[in-house]
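Provided below are the primary sequence and the corresponding predicted coordinates.
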Amino acid sequence: MQEIGHWINGQLVKGTSGRFADVMNPATGEVQGRVALATVEELDHAIAEAAKAQVGWAATNPQRRARVMMAFGALINENMDKLAELVAREHGKTIPDAKGDVQRGLEVIEVCMGAPAMLKGEMMDSAGPGIDLFAMRQPLGVVAGITPFNFPAMIPLWKIGPALSSGNAMILKPSERCPSTSLYLAELLQQAGLPDGVLQVVNGDKAAVDGILDHPVIQAVGFVGSTPIAQYIYGRAATNGKRAQCFGGAKNHMIIMPDADLDKAADALVGAGFGAAGERCMAISVAVPVGEATADALIEKLIPKIEKLKVGPYTAGNDVDFGPLITKQAQERVLGLIASGVDQGAKLVIDGRGLKIQGYENGFFVGPSLFDNVTPDMEIYKQEIFGPVLSTVRAGSYDEALQLVMDNEYGNGTAIYTADGDTARDFASRVNVGMVGINFPIPVPLSYFSFGGWKRSAFGDLNQYGPDAFKFYTKTKTVTARWFSGIKDGAALNFKALD
Ligand code: NAD
């Protein structure tokens, strides 16, 4: 069995705690490896070494740091197949989807190749007589990234790129369910020229996370994961005087107006609802058709498209649309939620329970499921299901649909399908959600914008990647400088006695 350790000072090292977590093959249900869970002592060592390495890295000029990002980007491209395989093997997503995972992370690295332009400060010359003011953006020191299982490449890259290109060192604590991709990314960064110690990958669980949150050297924590943990980490990091941005869970709605192109809306719902088995924080999990006729027509269009979906292991290649859930517990939780939807009176139009795949009977698969007549008091509406389950909540009017989205505790992403520009503009302007799609189902902003939700989908006041990330990973120092009249005025050509 494969034993997975840590990446410390430019080397793979074994864990010493004697504690491990199983790394599963979600398609077979078998344990395929075990990942070491760091002790606080191992963490402290990694942080102390990172602090030493950070001094030289911060003093390296920004363009040279950006060149490391350039070489890193090239290596990611060269090793795309291997990275996608690593992602798929531990997560279970299909190879094309795993490549998308790597690609959306790579795009953030591409922006970091231009980091010097983002790190330029501000300047006001002659703010007073002989007085100039300038503001510098300086690295924070050692920062931490704590990432979830569902994007094993993308989210670590969202953290690593801006943090390192800003001159920080980083302790990356990936999800213990999918640890291998982060270790390989660290190896590629070393090949790209990153000095040893600037990126330390420490695998672990709550003990390592709490160690990070309490460590006085750690200046900032970038977290992505479920809402309860995001809130916990934000509170503990902030109490300890650290900067924190903590991105949490979601319940993303798509409103379908009566004038929408229903074929396009149905295709978008199938992709956004069931892609990656629904294990995306930007998945659409609630369809909100406006008007009974729209709802009936939409359901009719959805049924054959959903029934056609193929579920299986990533090794089946293009024959598979989505794979298994991440763990047995996740599978059981989703099956339990589907049962609760039935019990609470929703109409289960397509039932994904009971799916068995020959040769993969112990895999954590759930088939695609479609609910109609869901109401906001039901558990399937209240909870983030994080599985291949699409709920339909019928709305009587646009205002009712908008209110439903507004009243939801989460505010990560939302979308509207309509042919009417006025409705779309009104929605984008009024909705209290961080990322909005107009005839676009998964509005993850491109990497030169920034990503972040509202309400209980994010804690902290800056978004991740894009311009916000460079603000998050640097602190501002403002200098007011006065220069008195000097040799410029005193220069004289005549020969005179010294004062
Ligand atoms: P999770 O909260 O279980 O784990 C995230 C990280 O926190 C992992 O590194 C894990 O080791 C650590 N962790 C888990 N329990 C902890 C505890 N008690 N104390 C301290 N640390 C702990 O999340 P997950 O299941 O890996 O990921 C899925 C969740 O992430 C979903 O809710 C999804 O919506 C969310 N997510 C959000 C975004 C976003 O940008 N908003 C992106 C991707 C995923």
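Received the coordinates, thanks.

Distance check, the residue nearest to Ala266 when sequence neighbours are not counted against the ligand.
Of all residues not flanking Ala266 in the chain, Lys301 sits nearest, at 4.0 Å (C-beta to C-beta, 6 or more residues apart in numbering). The way it works is simple: take the backbone N, C-alpha and C, and place the C-beta from them, glycine included. Between Lys301 and the ligand the computed distance is 27 Å (C-beta to the nearest ligand atom, to the nearest Å).

Break the protein into its domains for me.
Domain ranges of the chain: 2-248+457-479, 252-438, per automatic domain parsing.

Output the ones you listed as JSON lines; include the columns mean pLDDT and mean neighbour count.
Output for the domains of the chain, formatted as JSON lines (pLDDT from 0 to 100; neighbours: other C-beta atoms under 10 Å):
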{"stretch": "domain 2-248+457-479", "mean pLDDT": "97", "mean neighbour count": "20"}
{"stretch": "domain 252-438", "mean pLDDT": "97", "mean neighbour count": "19"}
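
For the residue of the chain found nearest the ligand, what are phi and psi?
Among all residues of the chain, Gly225 sits closest to the ligand, at 2.6 Å; criterion: C-beta to the nearest ligand atom. With angles defined as degrees, to the nearest 10, Gly225 sits at phi 170, psi -150.

Which strands or helices does the lengthiest helix in the chain pack on?
Ranked by residue count under DSSP state H, the longest helix found in the chain is helix 40-59. If contacts are counted by 3 or more C-beta pairs under 8 Å, 6 or more residues apart in numbering; DSSP states H and E, helix 40-59 sits against strand 6-8, strand 131-139, strand 142-146, strand 169-173, strand 199-201, helix 206-214.

Need those in a markdown table (columns: distance to the ligand).
Shown next, in a markdown table, are these (distance: least, C-beta to the nearest ligand atom, whole Å):
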| stretch | distance to the ligand |
| --- | --- |
| strand 6-8 | 14 |
| strand 131-139 | 23 |
| strand 142-146 | 5 |
| strand 169-173 | 6 |
| strand 199-201 | 12 |
| helix 206-214 | 4 |
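
As CSV, the ones you listed with distance to Val108 would be great.
As requested, the helices and strands packed on helix 40-59 are arranged in CSV below (distance: least, C-beta to C-beta, whole Å):
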stretch, distance to Val108
strand 6-8, 20
strand 131-139, 18
strand 142-146, 12
strand 169-173, 14
strand 199-201, 15
helix 206-214, 22
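
Thr294: which of those is closest?
strand 142-146 (41.6 Å; C-beta to C-beta).

re earlier: just to be sure, the residue nearest to Ala266 is in a helix?
Yes: membership of Lys301 in a helix is supported by DSSP: H, G, I helix; E, B strand; the rest coil.

one step back: so which of the helices and strands packed on helix 40-59 comes closest to Ala330?
When those are compared by C-beta to C-beta, helix 206-214 sits nearest Ala330, at 18.3 Å.

what packs against the closest one?
helix 40-59, strand 142-146, strand 169-173, strand 218-224, helix 227-239.

repeat that with 7 Å
helix 40-59, strand 169-173, strand 218-224, helix 227-239 (3 or more C-beta pairs under 7 Å, 6 or more residues apart in numbering; DSSP states H and E).

Just send those back as CSV, with distance to Val444 too.
Shown next, in CSV, are the helices and strands packed on helix 206-214 (distance: least, C-beta to C-beta, whole Å):
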stretch, distance to Val444
helix 40-59, 30
strand 169-173, 21
strand 218-224, 13
helix 227-239, 18
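
Please tell me how far stretch 248-257 is from the chain's geometric centre.
Centroid separation between stretch 248-257 and its chain, computed with C-alpha atoms, centre = their mean, to the nearest Å, is 17 Å.

what's the span of it, first residue to last?
Using C-alpha to C-alpha, to the nearest Å, one end of stretch 248-257 lies 28 Å from the other.

Is there contact, residue-wise, from that stretch to the ligand?
Yes: Stretch 248-257 lies within reach of the ligand by C-beta under 6 Å from any ligand atom, at Gly248, Gly249, Ala250.

residues from the stretch 1-150 of the chain in reach of the ligand?
Listed as neighbours of the ligand in the stretch 1-150 of the chain under the rule C-beta under 6 Å from any ligand atom: Ile146, Thr147, Pro148, Phe149, Asn150.
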